[in-house]
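A.B. asks: What shape does this take:
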Amino acid sequence: MTAARVLRRTGASLLCLAALGLAPGPIPIAAGTDAPAVRLDTARIDTAFAEYARPGSPGCAVGVVEAGSIVFARGYGLASLEHEVPITPRTMFDLGSTSKQITSAAVALLALDGRLSLDDDIRKYLPEIPAMQRSPAITVRRLLDHTSGLRDYTDLLSMEGHGDADLTTTPQGLAILARQHGRNFPAGDEFRYTNSGHFLASILVQRVSGKSLRAFARERIFGPLGMADSTYFDDHTLVVPRRATGYAPRAGGGFEVAMSDWEQVGDGGVQSSIEEMAHWAANLDTGAAPLGGRALVDLLHTPGKLADGTPIPYGLGLFLGTHRGLRLVEHGGAWAGWRANLVRVPERRIAVITLCNISTAATRTLSLAALDAALDALPVSERPAGAAPAVTAAAGARPEVSFAGRYVSEHLGDVEAVEATPEGLSLEGEMLRPLGPGKYGADAGRTTVTFSPEGTMTVDDPRENPRAAVFKRLPSAPAAAARPDRDLAGGYRSDDLDSGCLVSFGKERLEFSCGAGEKTEMTPLGGDLYNLGWGLVRVKRDARGSVESLLLTTRGLVEFRLGRAGGAAGRAVYNSAHG
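C.D. replies: Numbering: from 1, shown residues only. You can find the predicted model right below:
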């Protein structure tokens with residue numbers, strides 16, 4: 001596509017409200033609201049989104065809602081590269097996990113109707129999910145606040161070789177959860193994000209109401225709010241008017257299509273636009289009667305608790321935190337080539353919705369940039385403190401370059417890199433501000449990173465988890481013991497999966513794959529621990545030192561056991577992985 005044929009930033013790809021046929025002033029979306037106080041410096045928002053206004057690029061739509069009105073809505077980039085269709089505030093996007101708040105609202109409405117209790121055992125409605133010894137019952141509430149301990153069904157299906165673009169169905173998702181013989185942890189012990197809870201909630205809604213989640217949401221949520229085009233994508237043949245194509249960067253330059261035919265919903269799947277999500281955001285501030293009133297709003301915004309009473313930074317489908325001294329309610333979404341984010345400041349009745357069709361879009365960063373512009377446009381009496389970091393560097397504090405290195409958390413299945421730069425230390429590309437000996441601040445003061453002489457790094461981010469994450473430092477130079485071990489090559493199986501996994505050795509490296517999925521390099525970290533890039537593998541050996549099993553830990557799986565498959569079973573795994 002030549003530059004002459006694409007839509008320019010100053011042309012149709014950057015649409016102001018007047019160009020869309022909408023009034024240039026605030027657009028009321030809720031009757032009886034006060035006049036908006038926001039007088040935006042729109043250039044600030046345009047600057048934040050400038051990357052997505054380039055010719056021939058996918059992009060984003062952003063909307064700012066204040067006091068029940070859209071005060072700013074604009075599209076940047078193209079909804080379809082193939083047809084050169086620009087993104088507008090009416091363009092439909094897949095919301096990914098931003099859908100979880102709407103699914104939670106559907107369940108909460110059934111609770112307010114008296115048709116279920118949030119404290120019911122989920123097996124009352126989902127008897128397929130096995131009970132576990134040494135684990136309390138999973139309640140409906142724990143499905144919705146990520147304390148259930150359920151393994152993530154998306155990780156499990158991926159291990160059976162299903163990619164984002166494949167067709168997978170609700171029965172497949174339920175079946176793989178029903179066959180699990182273990183959990184990540186006993187219900188209520190931890191807060192660990194998993195898509196399984198809200199996916200199962202979609203089935204629960206269907207069984208309690210007698211209607212699919214798509215039909216229930218249309219009748220009880222989207223219809224009453226005037227969200228006429230919003231829907232759940234539970235049928236891969238469904239036509240969604242004005243839907244943006246999802247894209248991802250292509251190696252070597254340009255873009256490739258990144259769409260999905262997964263039909264499971266609840267954890268994701270809502271298709272909506274800036275204009276329609278503005279109605280949802282406004283209702284969460286007002287608690288309008290047609291949609292559950294204040295009772296619904298209060299249910300969604302009440303922080304959950306662990307079994308020991310520890311509060312978590314999550315309500316029902318909503319992350320709960322602070323920004324510039326004000327309460328912040330938010331949730332992001334990422335699926336295939338789409339990215340989404342909705343942030344709200346209830347005390348000022350301001351919300352920002354960011355929806356993108358490019359997999360690299362940092363929608364939370366974009367939303368906060370627009371939110372800060374809106375907050376700074378408020379009257380002085382309502383304007384919060386500036387967006388400067390909440391924690392400033394201690395006087396005389398200096399970054400300690402000796403802390404640079406790689407750190408691993410086996411419990412999280414994660415490896416983090418701390419680098420020494422001319423400006424100081426950075427953690428995964430984010431600069432750390434020295435606060436004192438071994439102590440640093442990150443993420444605008446919300447996160448504290450502490451290094452110990454014993455070689456640990458503790459990351460304390462109350463916005464993400466009530467308990468700090470502890471990482472151990474890895475050796476700075478690979479030792480002989482950190483070389484790939486040929487003995488690992490072979491097949492591995494779990495009764496909890498239909499297909500097996502394979503470790504193969506070639507070109508002086510080990511590769512890991514499951515089902516017909518892609519191979520991933522196993523980078524040795526030493527001590528029989530390997531990094532996959534998306535998780536960690538711990539090798540377990542018997543008394544003779546022979547490989548007995550692999551323990552896989554990812555974001556959604558904790559020590560998932562894959563036993564070594566010998567003989568005919570091992571050959572079957574090999575054959576399945578090689579077609």
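
A.B. asks: hey, let's count contacts and neighbours off CA atoms from now on
C.D. replies: Noted.

A.B. asks: Now do Pro89 against Leu284, distance only.
C.D. replies: 20 Å (CA to CA, to the nearest Å).

A.B. asks: where do the strands sit along the stretch 151-300 of the chain?
C.D. replies: 167-168, 231-232, 247-249, 255-257, 261-262, 270-272 (DSSP state E, counting those that start in this stretch).

A.B. asks: Kindly reformat those strands as CSV containing mean neighbour count.
C.D. replies: Below are the strands of the stretch 151-300 of the chain laid out as CSV (neighbours: other CA atoms under 10 Å):
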stretch, mean neighbour count
strand 167-168, 16
strand 231-232, 22
strand 247-249, 21
strand 255-257, 17
strand 261-262, 20
strand 270-272, 25
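
A.B. asks: Ser104 is nearest to which of those strands?
C.D. replies: strand 270-272 (12.6 Å; CA to CA).

A.B. asks: Determine the set of other helices and strands touching the closest one.
C.D. replies: Applying 3 or more CA pairs under 8 Å, 6 or more residues apart in numbering; DSSP states H and E, we find strand 270-272 packed against strand 93-94, strand 231-232.

A.B. asks: what's in contact with the helix or strand Asn341 falls within?
C.D. replies: Per DSSP states H and E: Asn341 is located in strand 338-345. With contact meaning CA atoms under 8 Å, 6 or more residues apart in numbering, strand 338-345 is reached by 93-96, 98, 246-247, 281, 326-334, 350-359, 361-364, 367-368, 371.

A.B. asks: so how far is that strand from its chain's centroid?
C.D. replies: 11 Å (CA atoms, centre = their mean, to the nearest Å).

A.B. asks: Low-confidence ranges, the stretch 101-250 of the chain, go.
C.D. replies: Along the stretch 101-250 of the chain, the model assigns pLDDT under 70 to no residue.

A.B. asks: residues in contact with stretch 104-116?
C.D. replies: 117-118, 144, 198, 201, 205, 208-209, 213, 216-217, 220-221, 292, 295-296, 299-300, 316-317.

A.B. asks: Please apply the same query to stretch 422-430.
C.D. replies: With contact meaning CA under 8 Å, 6+ apart, stretch 422-430 is reached by 399-401, 404, 416-420, 431-433, 442-443.

A.B. asks: Give the PyMOL command for selecting the buried subset of those.
C.D. replies: A single PyMOL command selects the buried members of the contacts of stretch 422-430 (16 or more other CA atoms under 10 Å):
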select buried, resi 399+404+416+418+419+420+431+432+433+442
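
A.B. asks: Which of the contacts of stretch 422-430 fall within strands?
C.D. replies: Residues from the contacts of stretch 422-430 lying in strands, with DSSP state E as the criterion: Glu416, Ala417, Val418, Glu419, Ala420, Met431, Arg433, Ala442.

A.B. asks: The last one contacts Thr450, doesn't it?
C.D. replies: Spelled out, it's Ala442. No - with contacts counted by CA atoms under 8 Å, Ala442 stays clear of Thr450, the gap being 10.8 Å.

A.B. asks: Filter the contacts of strand 338-345 down to the buried ones and hand me the ChimeraX line.
C.D. replies: To isolate the buried members of those in ChimeraX, using 16+ other CA under 10 Å:
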select :93,94,95,96,98,246,247,281,328,329,330,331,332,333,334,350,351,352,353,354,355,356,357,358,359,361,362,363,364,367,368,371
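
A.B. asks: Keep only those of the contacts of strand 338-345 that are in helices.
C.D. replies: Residues from these lying in helices, with DSSP state H as the criterion: Ala281, Thr363, Arg364, Ser367, Leu368, Leu371.

A.B. asks: one step back: how about the helices and strands packed on strand 270-272 in a markdown table, adding distance to Ala489?
C.D. replies: Formatted as a markdown table, these follow (distance: least, CA to CA, whole Å):
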| stretch | distance to Ala489 |
| --- | --- |
| strand 93-94 | 40 |
| strand 231-232 | 43 |
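
A.B. asks: Could you list the low-pLDDT ranges of the chain?
C.D. replies: If you take pLDDT under 70 as the line, the chain has these spans: 1-38, 387-399, 443-445, 477-483, 567-579.

A.B. asks: Tell me which residues are up against the strand ranked longest in the chain.
C.D. replies: Longest strand in the chain by number of residues (criterion: DSSP E): strand 326-335. With contact meaning CA under 8 Å, 6+ apart, strand 326-335 is reached by 94-99, 268, 317-322, 339-347, 359, 363-364, 384.

A.B. asks: and the angle for the strand holding Asn341 with strand 326-335?
C.D. replies: 170 degrees (axes from the mean of the first three to the mean of the last three CA atoms, to 10 degrees).

A.B. asks: What strands flank strand 338-345, and is each parallel or antiparallel?
C.D. replies: Here strand 338-345 has these sheet partners by DSSP bridges: strand 326-335 (antiparallel), strand 350-356 (antiparallel).

A.B. asks: I figured Thr314 hits Leu320, correct?
C.D. replies: Rather than Thr, residue 314 is Tyr. Yes - here Tyr314 reaches Leu320: they are 5.4 Å apart, a contact under CA under 8 Å.

A.B. asks: of these two, who's got more company?
C.D. replies: Tyr314 (27 against 22; other CA atoms under 10 Å).

A.B. asks: Report the beta-bridge partners for the more buried one.
C.D. replies: Phe319.

A.B. asks: and the gap between it and Arg192?
C.D. replies: Taken as CA to CA, the span from Tyr314 to Arg192 is 11 Å.

A.B. asks: Convert the C-alpha atoms of stretch 374-391 to CSV, please.
C.D. replies: Provided in CSV are the C-alpha atoms of stretch 374-391 (Å, rounded to 0.1, in the frame of the first residue of the first chain):
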residue,chain,number,x,y,z
ALA,A,374,-9.1,15.0,31.9
LEU,A,375,-8.2,15.4,35.6
ASP,A,376,-6.0,18.4,34.9
ALA,A,377,-8.9,20.0,33.0
LEU,A,378,-11.2,19.9,36.1
PRO,A,379,-11.8,23.1,38.1
VAL,A,380,-9.0,23.8,40.5
SER,A,381,-11.2,22.9,43.5
GLU,A,382,-11.7,19.4,42.1
ARG,A,383,-8.3,18.8,40.5
PRO,A,384,-6.2,16.1,42.3
ALA,A,385,-2.5,16.4,43.0
GLY,A,386,-0.2,16.3,40.0
ALA,A,387,0.8,13.1,38.3
ALA,A,388,4.3,13.2,39.8
PRO,A,389,5.5,9.9,41.4
ALA,A,390,3.9,9.3,44.8
VAL,A,391,7.3,8.3,46.2
